[in-house]
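*Asks:* What would the 3D arrangement of this be:
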Amino acid sequence: MPTVPRRPLPAKPDVAGDESISAGAPGDESASENRSRDEPLRVGVLPVTSMVTRLAVLPALAVSPAVAVVAVASRSADRTEHSERGVPGSAAWHRDYAALVSDPAVEAVYCALPNALHLPWVTAALEAGKHVLCEKPLGLDEATVTQLSDLARERHLVLQEAYMAAFHPLASAVPEIAAEELGELRELRSVFGFPLDAANHRWEPALGGGALADVGIYCVEPLLRLAGAEPTDVTALDRRSAPGAVDGTFLGALRFESGILATIECSFETPERQELEIVGTEGTLRCDHPFTAGAGSSTVVLTDATGRVRERDVAGADPYQVMVEAFARAVRTGTETRYPLASTARVARVLDRLRRAADDLR
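*Replies:* Numbering: from 1, shown residues only. This next block holds a predicted model:
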């Protein structure tokens with residue numbers, strides 16, 4: 001488990017072996033029995049080999065008393081490879097995804113499969129009566145998010161997109177500081193870029209790859225939160241290596257009814273960059289690494305209208321642990337998490353509009 005303040009980027013390679021290939025028909029067995037509020041939520045991990053699972057989510061599950069890993073799935077890895085990575089020795093080890101989904105000991109499934117496999121396997125888990133915590137993006141478009149949300153609602157199950165940045169203190173602190181210090185907001189800018197190896201599955205159209213699909217949520221969600229609305233107008237450009245390839249870089253511009261203008265940049269083709277900039281009538285706020293902040297404190301840099309620069313520190317937290325505990329609490333008590341499905345749908349809707357805008361200009 002990393003000891004540095006920030007976790008490894010959740011957007012980098014996260015599957016090993018053949019985990020990017022669908023494994024037969026999803027299971028459809030019924031749910032496990034209801035349990036008491038005080039009992040840890042029994043979680044099955046699908047798959048155990050993904051990078052975000054191994055380096056971020058399994059450690060969070062391991063330290064939280066609110067959850068217990070009771071089963072994991074992998075069709076390529078060996079149990080001994082993961083014995084020291086947060087997988088309890090008592091956890092069932094499934095070679096078939098459907099076997100994990102139908103395991104009666106599993107109450108909830110954490111899904112970290114490639115993007116295009118979220119729909120079939122989240123559907124399978126919900127139909128089997130399991131609550132689901134699914135890596136972002138929950139769906140590759142708003143229609144998919146709506147389909148999965150409706151199914152979860154019909155089955156009275158909790159469905160949560162695993163957008164961990166929403167669970168870090170920075171997510172609520174930045175809008176509060178902006179409201180206190182910047183006056184009326186005028187311009188917003190967010191950037192998330194990093195170099196992605198050519199062999200990574202996120203370059204594969206069939207697996208739901210592309211920069212906007214993978215990291216667009218990080219760039220768009222804070223802007224919607226700051227603007228307090230969806231944009232009235234969007235335009236966009238992307239760069240693709242060939243016809244039919246996914247976007248390696250995506251640039252978007254948004255205009256809001258309030259007059260706020262915003263830009264986003266997502267890329268698999270640049271050195272690592274994470275930036276969030278907010279410009280108001282009375283000053284500017286800048287924050288580096290806003291999307292993978294961790295247990296260490298984060299620094300927000302404020303520049304007022306006279307050019308005076310100040311810094312404000314925001315306390316850190318492990319957003320993965322906060323997220324899994326919020327998910328467990330939602331299952332046990334029915335309380336809504338701080339990143340509800342309505343927010344997932346709103347982001348998906350804006351990403352759809354940006355994607356169409358880029359298609360129109362290609």
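*Asks:* residue with max distance from the center of this protein?
*Replies:* The C-alpha centroid of the chain is most remote from residue 306, which lies 37.8 Å away (CA atoms, centre = their mean).
*Asks:* ok, that residue - contacts?
*Replies:* By CB atoms under 8 Å, 6 or more residues apart in numbering, no residues touch residue 306. No exception for glycine: its C-beta is placed from N, CA and C like everyone else's.
*Asks:* Just to be sure, it is in a helix?
*Replies:* No. Membership of residue 306 in a helix is not supported by DSSP: H, G, I helix; E, B strand; the rest coil, which gives coil.
*Asks:* and the residue lying closest to residue 302 once chain neighbours are set aside, how many neighbours does it have?
*Replies:* Closest residue to residue 302 apart from its sequence neighbours, by CB to CB, 6 or more residues apart in numbering: residue 310 at 4.8 Å. Residues lying near residue 310 (other CB atoms under 10 Å) number 11.
*Asks:* for residue 310, what are its contacts?
*Replies:* Counted by CB under 8 Å, 6+ apart, residue 310 has contacts 301-302, 304.
*Asks:* Buried only: go through those for me.
*Replies:* If you count burial by 16 or more other CB atoms under 10 Å, the buried members of the contacts of residue 310 come out as residue 302.
*Asks:* want to throw the contacts of residue 310 into a markdown table with distance to residue 331 and pLDDT?
*Replies:* Formatted as a markdown table, the contacts of residue 310 follow (distance: CB to CB, whole Å; pLDDT from 0 to 100):
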| residue | distance to residue 331 | pLDDT |
| --- | --- | --- |
| 301 | 39 | 98 |
| 302 | 39 | 98 |
| 304 | 45 | 96 |
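*Asks:* got the contacts of residue 310 as JSON lines, with distance to residue 359 columns?
*Replies:* Listed next are these as JSON lines, based on distance: CB to CB, whole Å:
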{"residue": "301", "distance to residue 359": "37"}
{"residue": "302", "distance to residue 359": "38"}
{"residue": "304", "distance to residue 359": "41"}
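*Asks:* where do the strands sit along this protein?
*Replies:* For the chain, the strands defined by DSSP state E cover 41-46, 67-73, 92-94, 108-111, 131-135, 159-162, 185-195, 233-240, 247-255, 261-267, 269-280, 283-288, 298-304, 309-314.
*Asks:* so how far is the first one from its chain's centroid?
*Replies:* The chain centroid and the centroid of strand 41-46 are separated by 18 Å, computed with CA atoms, centre = their mean, to the nearest Å.
*Asks:* Now that strand: buried residues?
*Replies:* The neighbour-count check on strand 41-46 (16+ other CB under 10 Å) flags 41-46 as buried.
*Asks:* Could you pull up phi and psi at the residue farthest from the centre of the chain?
*Replies:* phi -90, psi -10 (degrees, to the nearest 10).
*Asks:* how about the helices of the chain, start to end?
*Replies:* With helices called from DSSP state H, the chain shows them at 51-52, 58-63, 97-102, 118-127, 142-154, 169-181, 211-227, 319-333, 341-361.
*Asks:* So which of those helices is nearest residue 233?
*Replies:* Within those, the stretch nearest residue 233 is helix 341-361; the backing value is 9.2 Å (CB to CB).
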